[in-house]
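>>> 3D model of this:
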Amino acid sequence: RPQSTPAPDRCYVNNFKNVDRPRLLTLPRGQANGFKKDMQSGIEFLRRRIPQVFEGEPFQRQKSRIVDRYTAREKELMDDFTRRIAKEQFALGHMQVGAVALPEIFPLLDGQMVPIEDIPKLVHEGKLDSNVAQDLERKYEQFRQEFTVVYRKTLTLSRELGSELSYLEQEAASVLVDGFIEELKEKYSAPQISEYLEEVRHSILDNLEPFKEREGEEEAGPGVSPGEGLPKSSMSEKDPFRIYGVNVLLAHNQEDSSPVIFETTPSHPNLFGTIQRSYDSRGVWTSDFMDLRGGSVLRADGGFLIMY
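Predicted coordinates:
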């Protein structure tokens, strides 16, 4: 009787370092479906708990302290500049450009803010002395340069605020994410699984935005896995959690014997598998690791393939 070695389970997962080259995971026989289920339930757990952490009083209190500190620093910068230009009869206001209100410096004439573009008109009408107008224009250019420096400082403060808030979110979420990852690493101890789970950990903590929305706000319905309730054309567009999915190509039960696969239509796709396509609204198709499908050669791994 021919002898064969039982095949392991195999599945594809996202390669976070190179999405065009999915990562193939080889698991001990009988573990692939369990790994897929554990990943799915872990992501669902994080989707429930992370919003609760971010909405909780301890997190909001820390966030408010950070925002208040940066707001005070920005106000101090702007107030200092406003006081300096006020001594020279200038004021800081806003000019409407389309739908956007941009900060602008205005000369003060008789207590009214006048756009610098109107100064030549006032001179022409005899309402303003030309020497005074030249002095105003000179000071305006000087203050514009100073304001550019101040404005850049406020932008730097905004970036620093964003970085500190991002770090705060990562720190708060890491307790949940680390627990989920470490539990899976203990259960699935293969080195390649641990390496993949570390990539998952970093991906989640670096991309917390999708987890801020409460689970269920965009779901198709109860009991529907991420992406399952959506048309194929919009799965990857509307499901940011698809990248954490597990595509099981070959799975077994512990008691399964060597498979015997009969292939009655031995075409290339039937034998070696295929790649499904997802179409967007323009008819452009894309594929990712979840669209890979195995063929009869893979299903017969560790067993026998009969073609006729």
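>>> Run through who's touching the longest strand along the chain.
Of all the segments of type strand in the chain, defined by DSSP state E, the longest one is strand 100-109. Residues from elsewhere that reach strand 100-109, judged by C-beta atoms under 8 Å, 6 or more residues apart in numbering: 85, 89-96, 113-116, 119, 122, 128, 136, 140, 143-144, 147, 151. For the C-beta atoms, the positions are set from N, CA and C on the backbone; glycine is no exception.
>>> same deal with stretch 83-91?
With C-beta under 8 Å, 6+ apart as the contact definition, stretch 83-91 has outside contacts at 82, 92, 105-109, 113, 139-140, 143, 146.
>>> Most neighbours among the residues you listed, which one?
residue 107 (26 neighbours; other C-beta atoms under 10 Å).
>>> Next, the residue lying closest to it once chain neighbours are set aside: secondary structure please.
Nearest residue to residue 107, sequence neighbours excluded (C-beta to C-beta, 6 or more residues apart in numbering): residue 136, at 4.8 Å. Put simply, residue 136 is helix when judged by DSSP: H, G, I helix; E, B strand; the rest coil.
>>> Residue 136 and residue 117 touch, don't they?
No - contact criterion C-beta atoms under 8 Å: residue 136 and residue 117 do not qualify, at 11.9 Å.
>>> Give me the more crowded residue out of those two.
The neighbour comparison of residue 136 against residue 117 (other C-beta under 10 Å) goes to residue 136, with 21 against 8.
>>> looking at the protein, which residue lies furthest from center?
residue 126 (59.1 Å; C-alpha atoms, centre = their mean).
>>> Identify each buried residue in stretch 19-29, please.
Going by neighbour count (16 or more other C-beta atoms under 10 Å), the buried part of stretch 19-29 is 22-23, 25, 27, 29.
>>> How much space separates the most centrally placed residue in the chain from residue 48?
Centrality entry for the chain: nearest residue to the mean C-alpha point is residue 207, 3.9 Å, by C-alpha atoms, centre = their mean. Using C-beta to C-beta, to the nearest Å, we find residue 207 at a distance of 17 Å from residue 48.
>>> same check, this time on residue 104
According to C-beta to C-beta, residue 104 and residue 48 sit 47 Å apart.
>>> who's more crowded, those two?
residue 104 (17 against 14).
>>> Which positions are bridged to that one in the beta structure?
residue 93 (DSSP bridges).
>>> So, low pLDDT: which residues of the stretch 1-150 of the chain?
Across the stretch 1-150 of the chain, residues meeting the criterion (pLDDT under 70) sit at 1-3.
>>> Show me the contact partners of stretch 115-130.
If you take C-beta under 8 Å, 6+ apart as the criterion, stretch 115-130 is touched by 95, 104-107, 109, 114, 133, 136-137, 140.
>>> ends of stretch 24-41, how far apart?
End-to-end distance for stretch 24-41, by C-alpha to C-alpha, to the nearest Å: 21 Å.
>>> all numbers from here: first residue = 537
Let's use 537 as the start, then, which means that last one is stretch 560-577.
>>> Contacts for it, please.
542-549, 720, 723-724, 726, 728-729, 732, 761-762, 780-782, 784, 786-790, 792.
>>> hmm, 6 Å instead?
Outside stretch 560-577, the residues within contact range by C-beta atoms under 6 Å, 6 or more residues apart in numbering are 542, 544-549, 720, 724, 728, 782, 784, 787-790.
>>> For this structure, just list every one of the strands.
So, for the chain - with DSSP E - the strands run 545-549, 559-563, 626-633, 636-645, 648-649, 783-786, 796-799, 810-811, 814-815, 821-822, 828-829, 840-843.
>>> can these go into a markdown table with extra columns for distance to residue 736?
Converted to a markdown table, the strands of the chain look like this (distance: least, C-beta to C-beta, whole Å):
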| stretch | distance to residue 736 |
| --- | --- |
| strand 545-549 | 9 |
| strand 559-563 | 11 |
| strand 626-633 | 44 |
| strand 636-645 | 40 |
| strand 648-649 | 55 |
| strand 783-786 | 15 |
| strand 796-799 | 33 |
| strand 810-811 | 23 |
| strand 814-815 | 22 |
| strand 821-822 | 22 |
| strand 828-829 | 19 |
| strand 840-843 | 34 |
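>>> Most tightly packed of those?
Counting by mean count of other C-beta atoms under 10 Å, strand 545-549 has the highest mean neighbour count of the strands of the chain, with a mean of 22.
>>> ok, the buried residues of stretch 555-565 vs residue 808, which is closest?
Closest to residue 808 out of the buried residues of stretch 555-565 is residue 558 (15.9 Å), distances taken as C-beta to C-beta.
>>> quick one: contacts for the nearest residue in space to that closest one that is not next to it in sequence?
Distance criterion C-beta to C-beta, 6+ apart; nearest residue to residue 558, sequence neighbours excluded, is residue 825 at 3.5 Å. By C-beta under 6 Å, 6+ apart, the contact list for residue 825 reads 548, 550, 558, 783.
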